[in-house]
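Student: Below: sequence and its predicted model.
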Amino acid sequence: MLKVNSIEVVYMRVIQVLRGVSLEVGEGKIVTLLGANGAGKTTTLKAISGMLKTEEGEVTQGNIDFNGKRIDRYGPRRLLLWASVRLWKVDAFSSISALRRICWWVLTAAKIVL
Ligand SMILES: Nc1ncnc2c1ncn2[C@@H]1O[C@H](COP(=O)(O)OP(=O)(O)OP(=O)(O)O)[C@@H](O)[C@H]1O
Ligand SMILES: [Mg+2]
């Protein structure tokens, strides 16, 4: 379960883009973000994925919680590592699937680092 709890996001310490944004994504569910241009959809996704830090953005209020773990202070690399370990555990009984996922995460990590 992913929970975004009333987050505020500020870019470069001065540009406030989100305020009081909350959403929940249950296990196996799909949630769509709708909004006008500049409403903050991409910023919301960047906050969840840890990509805000690459643009001097920060979650300054509220929090983001994934399966009981607070993830809004994680940067993309740490989030990726943490998610990989979790997926590895989920796929522990399916080695082919686990291997495929690891390859995907390594390639994605390489894209972020390079
Ligand atoms: N790196 C950044 N630094 C400063 N302001 C930013 C940055 N990225 C986005 N913004 C501003 O934050 C606001 C929300 O932008 P965002 O890209 O999250 O909106 P969006 O809903 O995804 O828009 P679109 O529908 O055009 O994709 C906009 O006013 C945008 O100019
Ligand atoms: Mg966008």
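Tutor: That came in fine, so what should we check first? Ligands and ions are numbered 1, 2, ... in the order given.

Student: quick one: strands adjacent to the host helix or strand of Glu8?
Tutor: Assessed by DSSP states H and E, Glu8 sits inside strand 2-11. With DSSP bridges as the test, strand 2-11 is paired with strand 15-25 (antiparallel), strand 57-66 (antiparallel).

Student: For ligand 2, find the nearest of these.
Tutor: Closest approach to ligand 2 among these is made by strand 15-25 (11.3 Å; Cβ to the ion). In short, each C-beta sits where N, CA and C put it, glycine included.

Student: In that closest one, which residues are buried?
Tutor: Buried residues in strand 15-25, counting neighbours by 16 or more other Cβ atoms under 10 Å, are found at Val17, Leu18, Val21.

Student: just to revisit the earlier point, now the strands paired with strand 2-11 in TSV, with mean pLDDT and distance to Gly40?
Tutor: Formatted as TSV, the strands paired with strand 2-11 follow (pLDDT from 0 to 100; distance: least, Cβ to Cβ, whole Å):
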stretch	mean pLDDT	distance to Gly40
strand 15-25	97	5
strand 57-66	96	11
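
Student: now those in CSV, with distance to ligand 2?
Tutor: Formatted as CSV, those follow (distance: least, Cβ to the ion, whole Å):
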stretch, distance to ligand 2
strand 15-25, 11
strand 57-66, 13
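
Student: In this structure, spot the helix with the most residues.
Tutor: Ranked by residue count, the top helix of the chain under DSSP state H comes out as helix 95-113.

Student: roughly how far out does the lowest-mean-pLDDT helix or strand in the chain sit from the chain middle?
Tutor: Of all helical and strand segments in the chain, the minimum by mean pLDDT, DSSP states H and E falls on helix 95-113, at a mean of 72. The chain centre lies 17 Å from the centre of helix 95-113; the measure is Cα atoms, centre = their mean, to the nearest Å.

Student: Return the list of helices and strands in contact with it.
Tutor: Counting contacts by 3 or more Cβ pairs under 8 Å, 6 or more residues apart in numbering; DSSP states H and E, helix 95-113 packs against helix 76-90.

Student: Only alpha carbons, please: show the helix it packs on as CSV.
Tutor: What follows is helix 76-90 as a C-alpha-only set of coordinates in CSV (Å, rounded to 0.1, in the frame of the first residue of the first chain):
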residue,chain,number,x,y,z
PRO,A,76,16.5,7.6,-6.2
ARG,A,77,19.5,5.3,-5.7
ARG,A,78,18.6,4.4,-2.1
LEU,A,79,14.9,3.9,-3.1
LEU,A,80,16.0,1.7,-6.0
LEU,A,81,18.2,-0.4,-3.8
TRP,A,82,15.5,-0.7,-1.2
ALA,A,83,12.9,-1.6,-3.8
SER,A,84,15.2,-4.2,-5.4
VAL,A,85,15.7,-5.9,-2.1
ARG,A,86,11.9,-6.0,-1.5
LEU,A,87,11.2,-7.4,-5.0
TRP,A,88,14.0,-10.0,-4.5
LYS,A,89,12.1,-11.1,-1.3
VAL,A,90,8.8,-11.2,-3.1
